[in-house]
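In: Kindly generate the corresponding structure for this input.
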Amino acid sequence: MKTIELDMYQATAVAALVLLLGRVLVAKISILRRYCIPAPVVGGFLYAIVHTIVRGMGILEISCDMTLKNVFMVAFFCSVGFTASFRMLKKGGVQTVVFLALSVVMVILQNILGAGLASVFGLDPRLGLATGSIPMVGGHGTAGSFGPLLEELGVANASVVAIASATYGLVAGCVIGGPIATAKIRKYKLSAVTEAATKTETVETDETGAIDSARILDGLLYLIVAIGAGTIVSMFLGKFMTFPFYGAMLVGAIIRNIMDVQNKEIPMEEISTLGGACLSVFLGLAMIDMKLWQLAELAVPMVVMLLAQTVLMFFYANFVVFNVMGRDYEAAAMTTAFCGFGMGATPNAMANMRALVERYGAAPRAFFIVPLVGSLFVDFFNSMVLTTFMNLL
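Out: Sure, this is the predicted structure:
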């Protein structure tokens, strides 16, 4: 069988083509848009399927130099660090803190369940993390980064399991969220807030106006400085536990909060845009490096573990999130959103809530709290919890 070896530039070019293909398919196929499936994942899965077929037929195997994948990965997580503004968390009020606490507890439970079931099947318990909060709360970005990290630590097939689980989570989170919230609304005869009340809450965002070249350069410089300083932090933390790329993320968070205290502006829109671009290319690279043929022997354990995660989310959202958040209409909206980003991503959470409010009415408090936690904080805390589990296991 012929083998083609792509260097890091060629591999990145293929990843870019996969991303462009995914964008075309998402634009043309409505179900992909409905469930917010990322374009790199769509194009990447198609590439992985074709690669699996031609390899299985003994025609061709493609190997790629993944050097640049780590560069894009670190840049993405560094941008996540810059979103961790504790001033914003304070402005969100007590319910924002409570919703974040519920999310962190869910992260811990998902990893306990995943690691426990992996042990039951006689697998490395760390592989269970690849069906836990790595793909569930973390989504494809965290799956694409932690999967290779687990493989470097000796956990076989972690990448393909994490990416596949993240795709399952996107769909499952949307499917179970709506029915849970609808059942609560009907059972307790909940109603939306009045039109006047919808004007009392506004969401403060990090948008700073139109993007221009100077601000893009400023954002890039912030990322470069944080990444460089982060290598020193990672070296220090590495003496005590595995901290793969969190030096950059921690430095980003420190810079953000120092600037907040001094009331100085950071080009957050540009940093987020650059981080998002790095995430897309990084996911493209992760997808073309995925080996689907390795999934065969893990099919049954994966199905069981993913179904168990779905059941956990159903009961946690139904009986914990709804009750703790107030047992009212806003709590129902936050419950359906929790299913969205607890098994998929923040866009799924917002899609779940939009579907609910279009039918039952506005939920302004939920629309304030959910994106604040889902976009600014949950990935940061999820990364910390995952690092702790990896070191414990």
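In: can I assume Leu295 is in contact with Met302?
Out: Yes. Between Leu295 and Met302 there is a contact at 7.3 Å, judged by C-beta atoms under 8 Å. For glycine as for every other residue, the C-beta is placed from the backbone atoms N, C-alpha and C.
In: Quickly list what's touching both of the two.
Out: Val161, Ala164 (C-beta atoms under 8 Å, 6 or more residues apart in numbering).
In: Who has more neighbours out of those two?
Out: Met302 (22 against 15; other C-beta atoms under 10 Å).
In: quick one: contacts for that one?
Out: Per C-beta under 8 Å, 6+ apart, neighbours of Met302: Thr131, Val161, Ala164, Ser165, Leu295.
In: of all the residues you listed, which comes closest to Phe76?
Out: Ser165 (19.2 Å; C-beta to C-beta).
In: Wait, the closest one touches Met136, no?
Out: Yes. Counting by C-beta under 8 Å, Ser165 does reach Met136; the two are 7.3 Å apart.
In: So between these two, which is more surrounded?
Out: Of the pair Ser165 and Met136, Met136 is the one with more neighbours under other C-beta under 10 Å, namely 33 against 27.
In: I'd guess the more buried one is in a strand, am I close?
Out: No. Using DSSP: H, G, I helix; E, B strand; the rest coil, the assignment for Met136 is coil, not a strand.
In: For the remainder of this discussion, apply numbering that starts at 8.
Out: With the count now opening at 8, the last piece we talked about shows up as Met143.
In: doesn't Phe348 make contact with it?
Out: No. With contact defined as C-beta under 8 Å, Met143 does not reach Phe348; the gap is 9.2 Å.
In: quick one: low-confidence parts of the stretch 58-207 of the chain?
Out: Residue ranges of the stretch 58-207 of the chain with pLDDT under 70: 200-207.
In: Same question for the stretch 258-400 of the chain.
Out: Using pLDDT under 70, the stretch 258-400 of the chain drops low at 382-383.
In: which stretches of it form helices?
Out: 275-295, 306-323, 329-331, 336-350, 353-367, 371-383, 385-399 (DSSP state H, counting those that start in this stretch).
In: what does the fifth one rub up against?
Out: The set of residues external to helix 353-367 that reach it, using C-beta under 8 Å, 6+ apart, is 41-43, 177, 180-181, 184-185, 188-189, 192, 197-199, 336, 339-340, 343-348, 370, 373-374, 377-378, 381-382.
In: Report the inter-axis angle for that helix versus helix 371-383.
Out: On the basis of axes from the mean of the first three to the mean of the last three C-alpha atoms, to 10 degrees, helix 353-367 is oriented at 170 degrees to helix 371-383.
In: quick one: buried residues of helix 353-367?
Out: For helix 353-367, the neighbour count (16 or more other C-beta atoms under 10 Å) marks Thr353, Pro354, Asn355, Ala356, Met357, Ala358, Asn359, Met360, Ala362, Leu363, Val364, Tyr367 as buried.
In: one step back: just the buried residues from the contacts of helix 353-367, in ChimeraX please.
Out: In ChimeraX syntax, the buried subset of the contacts of helix 353-367 is picked out as below (16+ other C-beta under 10 Å):
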select :42,43,177,180,181,184,185,188,189,192,197,199,336,339,340,343,344,345,346,347,348,370,373,374,377,378,381,382
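In: just to revisit the earlier point, out of the helices of the stretch 258-400 of the chain, flag the one nearest Thr74.
Out: That would be helix 275-295 among these, by C-beta to C-beta, at 9.7 Å.
In: so what secondary structure elements neighbour the closest one?
Out: helix 15-35, helix 46-63, strand 67-71, helix 74-89, helix 146-159, helix 165-195, helix 220-244 (3 or more C-beta pairs under 8 Å, 6 or more residues apart in numbering; DSSP states H and E).
In: between the shortest one and helix 15-35, what angle do the directions make?
Out: Relative orientation of strand 67-71 versus helix 15-35 (the same axes, to 10 degrees): 110 degrees.
In: Please name every helix or strand in contact with strand 67-71.
Out: Checking 3+ C-beta pairs under 8 Å, 6+ apart, strand 67-71 ends up next to strand 9-13, helix 15-35, helix 46-63, helix 275-295.
In: helices and strands around the second one, which ones?
Out: Right, the one you point to is helix 15-35. Contacts defined by 3+ C-beta pairs under 8 Å, 6+ apart place helix 15-35 against helix 37-41, helix 46-63, strand 67-71, helix 74-89, helix 275-295.
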